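Novice: just a sequence and a predicted model for now, questions to come.
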Amino acid sequence: MNKKENILIVGAGLCGSLLALRLGQRGYNVSVYEKRPDLRKVDISAGKSINLAFSNRGIKAMKMVGIQNKVKPLCIPMNGRMLHDKKGNTKLSNYSGRNHEYINSISRGGLNALLLDEAEALDNVSLFFNKKCKHVDFEKTTASFYDYVTKSEFTEDADVIIGTDGAGSILRQSYYLEKKFLFSFSQNYLTHGYKELSILPTKTGDFKTYKNALHIWPRGDFMLIALPNLDGSFTVTLFLSHDEGEYNFSNLTTPEIVTEFFKKEFPDALE
Ligand SMILES: Cc1cc2nc3c(=O)[nH]c(=O)nc-3n(C[C@H](O)[C@H](O)[C@H](O)COP(=O)(O)OP(=O)(O)OC[C@H]3O[C@@H](n4cnc5c(N)ncnc54)[C@H](O)[C@@H]3O)c2cc1C
């Protein structure tokens, strides 16, 4: 295969920014187009950021691009799962019998921002934000975009186009809609959604509960989890059905019902 010089990446999430960095390090000319604003300048989490449970696989990728020492200070080791029952009793279940084996809690936005910084520092990598890919033409290897700022459309040419545009990939949709290739895919939607909450630090900046664990309140059809942050807080995520079960996102409509739900199911998580 000939070396393809100009690479266009659609999506600057974790995979797109890591890939841009790696390909940039290997001397390719890389352009990354992201539909959202630059997350280093604008808060785009919209209550759905969730820390990553970052394991050996992720660390291996960081080593490959040589930034493991910059990532390590962003990580909080989690040795196991801290299980919380309905009475508030806890039990730590270690991930491994070996003390040096653990997973890490890391801010998704923090890691993404670091990867973008590292990629952008390379002369041969360019990042473009607020540009939504609308279609990819595989025969011409062009991608068309809508610019949210100028409200105009434009088309970019490249030797190779790589889609890292997540679950609703436009690149995949273009394959499917063009019907020029033997291509099929299936997509299923979950009946559950998730909402991000917080356990704030104490007044002195300490963690309110055990720091080095992934806290979990398993309740069968739904659950609450909490992962530690560097500032002493925990990012808490409630996974719950949209409209099934006694409590669901459709009927948790008032502060009173939410409090009742938490008192019943997660009493020790309620402040
Ligand atoms: C609730 C939840 C919890 C998870 N927890 C973990 C965990 O603890 N540990 C772990 O390793 N993984 C976890 N994952 C999985 C992890 O989030 C994904 O594997 C990872 O985000 C995939 O990265 P990505 O870059 O491929 O896609 P994404 O992170 O989805 O990024 C895609 C990017 O493409 C952009 N984009 C989309 N469409 C377009 C377009 N048309 N034009 C331009 N840009 C576009 C998006 O704005 C986004 O920035 C979790 C996932 C979910 C949903």
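Specialist: All right, it came through fine.
Novice: roughly how far does the closest residue to the ligand within the stretch 51-200 of the chain sit from Arg22?
Specialist: The stretch 51-200 of the chain approaches the ligand most closely through Gly166 (2.8 Å), counting by CB to the nearest ligand atom. Glycine gets a C-beta too; all of them are placed from N, C-alpha and C. From Gly166 across to Arg22, the span is 19 Å (CB to CB, to the nearest Å).
Novice: average model confidence for stretch 75-89?
Specialist: The pLDDT scores in stretch 75-89 average 96.
Novice: the ligand contacts on the stretch 1-150 of the chain?
Specialist: 10-16, 33-36, 50, 52-53, 132-133 (CB under 6 Å from any ligand atom).
Novice: quick one: buried ones out of those residues?
Specialist: 10-16, 33-36, 50, 52, 132-133 (16 or more other CB atoms under 10 Å).
Novice: among the residues you listed, which ones are in helices?
Specialist: If you go by DSSP state H, these have 14-16 in helices.
Novice: nearest to the ligand, of those residues?
Specialist: Lowest distance from the ligand to these (CB to the nearest ligand atom) belongs to Cys15, with 3.4 Å.
Novice: surely the closest one is in contact with Thr164?
Specialist: Yes. Taking contacts as CB atoms under 8 Å, Cys15 lies within contact range of Thr164: 4.1 Å.
Novice: which stretches of the stretch 101-250 of the chain form strands?
Specialist: Along the stretch 101-250 of the chain, the segments classed as strands by DSSP state E, counting those that start in this stretch run 103-106, 125-128, 131-137, 142-147, 152-157, 160-163, 192-199, 213-218, 223-228, 234-241.
Novice: run through who's touching the last one.
Specialist: So that's strand 234-241. Residues outside strand 234-241 that contact it (CB atoms under 8 Å, 6 or more residues apart in numbering): 49-51, 191-199, 207-209, 215, 221-229, 247-249, 252, 269.
Novice: buried ones in the helix or strand following it?
Specialist: Along the chain past strand 234-241, the next helix or strand (assigned with DSSP states H and E) turns out to be helix 255-265. Buried residues in helix 255-265, counted by 16+ other CB under 10 Å: 261-262, 265.
Novice: show me the contacts for the closest residue to the ligand within the stretch 1-150 of the chain.
Specialist: Nearest residue of the stretch 1-150 of the chain to the ligand, counting by CB to the nearest ligand atom: Gly13, 2.1 Å away. Gly13 is in contact with 34, 112, 164-166, counting by CB under 8 Å, 6+ apart.
Novice: still on that earlier bit, out of the buried residues of helix 255-265, flag the one nearest to Thr90.
Specialist: Thr90 has its nearest neighbour among these in Glu265, at 15.1 Å by CB to CB.
Novice: now that closest one. Nearest residue, chain neighbours left out?
Specialist: Using CB to CB, 6 or more residues apart in numbering and skipping the chain neighbours, the partner closest in space to Glu265 is Arg219 (5.7 Å).
Novice: any weak-confidence spans in this protein?
Specialist: Low-confidence segments of the chain (pLDDT under 70): 1-4, 45-49.
Novice: give me the domain ranges for it.
Specialist: Residue ranges for the domains of the chain, per automatic domain parsing: 6-51+108-178, 77-106+189-269.
Novice: so who does the residue most central in space within the chain touch?
Specialist: Central residue of the chain (CA atoms, centre = their mean): Arg108, 5.2 Å from the mean position. By CB under 8 Å, 6+ apart, the contact set of Arg108 is 14, 49-52.
Novice: Leu122 now?
Specialist: Per CB under 8 Å, 6+ apart, neighbours of Leu122: 21, 24-25.
Novice: so which of the residues you listed belong to helices?
Specialist: 21, 24-25.
Novice: can you put the residues you listed in JSON lines and add neighbour count and distance to Tyr95?
Specialist: Listed next are those as JSON lines, based on neighbours: other CB atoms under 10 Å; distance: CB to CB, whole Å:
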{"residue": "Leu21", "neighbour count": "27", "distance to Tyr95": "28"}
{"residue": "Gly24", "neighbour count": "23", "distance to Tyr95": "34"}
{"residue": "Gln25", "neighbour count": "17", "distance to Tyr95": "32"}
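Novice: this completes my enquiry, with thanks.
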